[in-house]
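S.K.: structure of the sequence below:
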Amino acid sequence: MGREQWKKILVGSAGNMVEWFDWFVYASFATYFAGAFFPDGNPTAQLMNTAGIFAVGFFMRPVGGWLLGRVGDRKGRKAALTLTVTLMSASAVLIAIAPTYAVAGYGGAVVLLIARLLQGLSVGGEYAASATYLTEASDPSRRGFASSFQYVSMTAGQIVGLGLQIVLQRTLSDDALHSWGWRIPFVVGALGAAIIFYLRRNMLETDVYEESADDAGADRKGTLTALWAHRREAFLVMALTMGGTVAYYTYTTYLTKYLSNSAGLSKETATLVSFCALIVFACIQPLAGRLSDRIGRRPLLITFAVGSTFLTVPIMTMLKHAGSFWPALGLALLALVVVTGYTSINACVKAELFPTGIRALGVALPYAIANALFGGTAEYVALWFKDAGVESGFYWYVAGCAAVSLIVYLTMRETRDIDLNRVAAAGPETTRRATEAV
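M.R.: Below is the predicted model of the structure:
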């Protein structure tokens, strides 16, 4: 890839990192601020209330996917990416200044809810705009490698969030963290979003999108009517996302809580396990993405689904009894290596299914719906099983979702050799024949 392409990828990734820093910081700091917005009581119940608001953000993602996906297809990827980071900055500011239950009763929880709704709108469009931008901006023979940086940047955002949490845990008392220290990451996120807003205002549009600007049927770009013409591909996106998103959120956003709330590790040890595991996870994404450019996307997806279907129950069971840092880290790494088969390439696989005029919306809306149903609720489902006294039921739930996606991976066509420029001007039947031809 040339210097220009690298610039597009790096700028797109940097913005994605800040977006997901703000998104994941909510989950990683929830153990500290859960009691600030709800009455004193059962700590698990407080976490469930906080997780419920976390899930609500996911249910706004389909709305954000529709609105911002439409912007991305009609106004360009740059316009959509700039708007997403603006919304995310606003949501971070709201959380940073939200009043506690002691000050405003449930008013603080309402502010928290509004902020999560804005985050849901933002991330609902961010994923698709970023996936589309990274896929279109790369060399055709390196799309897997380039698109893998989406999860590198997403994970980097979480690593920065966990790193900041570790620093705060070592510099502030536990009382200070529960009282006001949890607000610090949201201030940092708002400042970071402001910087990325400036960078994205000056980013370059992708060549694939610019070449399609004068295509016939411009009035149908980014519309639900156009998406319906590609409904087969849209349902495919939902099905192949199901297992991947549940597994990803289980071993990233929920892992720290699981290790501290179920496995009995201290919050500091649980955070350090997640931090170290995610660093390795981020480093192997480009390697897996590059491998997919050589052998195809399906082998990696199938490997993930087989591993997640048969290893989730033993991994989660052993994690609960890990007892210390090193066994927990080893098991977390094993789980994340398996998940890499999905995370490293799912962005380009979905983008490769659609023509340019509907690509952003085609990725955004079905992916957001799948995330609302499965990814956003994963943590809440896990806590529900725990509160009901059958925590192992969640392990089987994750394995079952992966099994459903495995069926999809085994029957879907390979997308590695799709020509985005040819698909750009293609109708749904041509797109389908191109997909079936590779």
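
S.K.: what secondary structure does Val390 sit in?
M.R.: Three-state secondary structure (criterion: DSSP: H, G, I helix; E, B strand; the rest coil) places Val390 in coil.

S.K.: show me which positions of the strand or helix carrying Pro327 end up buried.
M.R.: Assigned by DSSP states H and E, Pro327 falls within helix 325-343. With burial defined by 16 or more other CB atoms under 10 Å, the residues of helix 325-343 counted as buried are 325, 328-329, 331-343. (C-beta placed from N, C-alpha, C; glycine too.)

S.K.: so which elements touch that helix?
M.R.: Other helices and strands packing on helix 325-343, by 3 or more CB pairs under 8 Å, 6 or more residues apart in numbering; DSSP states H and E, are helix 231-251, helix 267-295, helix 298-320.

S.K.: touching it from outside, list them.
M.R.: Among residues not part of helix 325-343, those counted as contacts by CB atoms under 8 Å, 6 or more residues apart in numbering are 151, 243-244, 247-248, 251-252, 255, 259, 263, 265, 269-270, 272-274, 276-278, 280-281, 284-285, 288, 300-305, 307-308, 311-312, 315, 318-319, 322.

S.K.: between it and helix 231-251, how big is the angle?
M.R.: Compare the direction of helix 325-343 with that of helix 231-251 by axes from the mean of the first three to the mean of the last three CA atoms, to 10 degrees and you get 170 degrees.

S.K.: only the C-alpha atoms, please, for the helix or strand that helix 325-343 is followed by, written as CSV.
M.R.: Counting by DSSP H and E, the next helix or strand C-terminal to helix 325-343 is helix 346-351. Output for helix 346-351, consisting of C-alpha atoms alone and laid out as CSV, is shown next (Å, rounded to 0.1, in the frame of the first residue of the first chain):
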residue,chain,number,x,y,z
ASN,A,346,-15.5,-9.3,9.9
ALA,A,347,-15.4,-5.7,8.7
CYS,A,348,-14.1,-6.4,5.2
VAL,A,349,-16.3,-9.5,4.8
LYS,A,350,-19.4,-7.4,5.4
ALA,A,351,-18.3,-4.5,3.3
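
S.K.: report all helices and strands that helix 346-351 contacts.
M.R.: Using 3+ CB pairs under 8 Å, 6+ apart as the contact test, the elements touching helix 346-351 are helix 107-137, helix 143-147, helix 231-251, helix 356-370.

S.K.: so what touches that helix?
M.R.: Taking CB under 8 Å, 6+ apart as the criterion, the residues outside helix 346-351 that touch it are 127, 130-132, 134-136, 143-144, 146-148, 150-151, 237, 240-241, 244, 289, 292, 297, 301, 359, 362-363, 367, 415.

S.K.: what do you get if the cut-off is 7 Å, keeping everything else the same?
M.R.: With CB atoms under 7 Å, 6 or more residues apart in numbering as the contact definition, helix 346-351 has outside contacts at 131-132, 134-135, 143-144, 147, 150, 237, 244, 297, 359, 363, 367, 415.

S.K.: now do the phi/psi pair for Tyr106.
M.R.: Taking degrees, to the nearest 10, you get phi -80, psi 0 for the backbone angles of Tyr106.

S.K.: burial check on it, number of neighbours?
M.R.: 13 (other CB atoms under 10 Å).

S.K.: what of the one 10 residues further on?
M.R.: Residues lying near Arg116 (other CB under 10 Å) number 25.

S.K.: my guess is it contacts Gly57. True?
M.R.: Yes: counting by CB atoms under 7 Å, Arg116 does reach Gly57; the two are 3.9 Å apart.

S.K.: what sits closest to Leu255 if chain neighbours are left out?
M.R.: The spatial neighbour of Leu255 that comes closest, neighbours along the chain excluded (CB to CB, 6 or more residues apart in numbering), is Ser274 at 5.2 Å.

S.K.: ditto for Leu410
M.R.: If the residues on either side of it in the chain are set aside, Leu410 comes closest to Ile302, at 6.5 Å by CB to CB, 6+ apart.

S.K.: now do the same contact list for that neighbour.
M.R.: For Ile302, the contact set (CB under 7 Å, 6+ apart) comprises Leu406, Tyr409, Leu410.

S.K.: could you name the helices and strands sitting against the helix or strand encompassing the second one?
M.R.: Element membership for Tyr409 (DSSP H and E) is helix 392-411. In terms of contact count using 3 or more CB pairs under 7 Å, 6 or more residues apart in numbering; DSSP states H and E, helix 392-411 is assigned the packing partners helix 231-251, helix 298-320, helix 376-387.

S.K.: give me the buried positions along stretch 55-75.
M.R.: With burial defined by 16+ other CB under 10 Å, the residues of stretch 55-75 counted as buried are 55-74.

S.K.: tell me which of the residues you listed fall in helices.
M.R.: With DSSP state H as the criterion, helices contain 55-59, 61-74 from among the buried residues of stretch 55-75.

S.K.: got a list of what Gly375 touches?
M.R.: Contacts for Gly375 (CB under 7 Å, 6+ apart) come out as Phe58, Thr245, Val246, Tyr249.

S.K.: next, count neighbours for the second one.
M.R.: Right, Thr245. Neighbours of Thr245 under the rule other CB under 10 Å: 25.

S.K.: my guess is it meets Ala370, correct?
M.R.: Yes: contact criterion CB under 7 Å: Thr245 and Ala370 qualify, at 6.3 Å.

S.K.: before we move on, the earlier item: could you give the angle of the helix holding Tyr409 to helix 376-387?
M.R.: In terms of direction (the same axes, to 10 degrees), helix 392-411 departs from helix 376-387 by 150 degrees.

S.K.: okay, helix 392-411 in CSV with CA atoms only?
M.R.: Output in CSV follows, covering the C-alpha atoms of helix 392-411 (Å, rounded to 0.1, in the frame of the first residue of the first chain):
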residue,chain,number,x,y,z
SER,A,392,-23.0,-21.7,33.7
GLY,A,393,-26.1,-21.2,31.6
PHE,A,394,-24.4,-18.2,30.1
TYR,A,395,-21.5,-20.3,28.9
TRP,A,396,-23.8,-22.5,27.0
TYR,A,397,-25.6,-19.4,25.6
VAL,A,398,-22.3,-18.1,24.1
ALA,A,399,-21.5,-21.5,22.7
GLY,A,400,-24.9,-21.8,21.2
CYS,A,401,-24.7,-18.4,19.4
ALA,A,402,-21.3,-19.5,18.0
ALA,A,403,-22.8,-22.7,16.7
VAL,A,404,-25.5,-20.8,14.8
SER,A,405,-22.9,-18.7,13.1
LEU,A,406,-20.9,-21.8,12.3
ILE,A,407,-23.7,-23.0,10.1
VAL,A,408,-23.6,-19.7,8.3
TYR,A,409,-19.8,-19.7,7.8
LEU,A,410,-20.0,-23.2,6.4
THR,A,411,-22.6,-22.3,3.8
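
S.K.: quick one: average pLDDT of it?
M.R.: Helix 392-411 shows an average pLDDT of 97 in the prediction.
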